[in-house]
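Visitor: what follows is a protein structure lacking sequence information:
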């Protein structure tokens, strides 16, 4: 009797692990899609604002030369 319960318990653990792997895979795919969309809009906004309005700051350095 104990062997049957152990077998059924192992079966449910395997099914649970399989379902969790599927859920984690779907979450990783969705995260990749969302990151790609965010990067696309970041590039689009940067192009439309000539790089002035984004979160990335560029340092403009000026050099002076002695004449």
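Guide: Structure's in. What do you need? These figures come from a predicted structure and were not determined experimentally.

Visitor: point out where the chain drops to low pLDDT.
Guide: Within the chain, the stretches with pLDDT under 70 are 52-67.

Visitor: ok, now how distant is the most centrally placed residue in it from residue 24?
Guide: For the chain, the residue nearest the mean C-alpha position is residue 31 (4.0 Å; CA atoms, centre = their mean). Distance, residue 31 to residue 24, using CB to CB, to the nearest Å: 10 Å. Backbone N, C-alpha and C define where each C-beta goes, glycine included.

Visitor: how far does the host helix or strand of the residue nearest to the centre of the chain sit from its chain's centre?
Guide: Secondary structure assigned from DSSP states H and E places residue 31 in helix 2-48. Mean-position distance between helix 2-48 and its chain equals 11 Å (CA atoms, centre = their mean, to the nearest Å).

Visitor: show me what it is packed up against.
Guide: Using 3 or more CB pairs under 8 Å, 6 or more residues apart in numbering; DSSP states H and E, no helix or strand is in contact with helix 2-48.

Visitor: and stretch 12-26, what's buried?
Guide: For stretch 12-26, a neighbour-count test (16 or more other CB atoms under 10 Å) marks nothing as buried.
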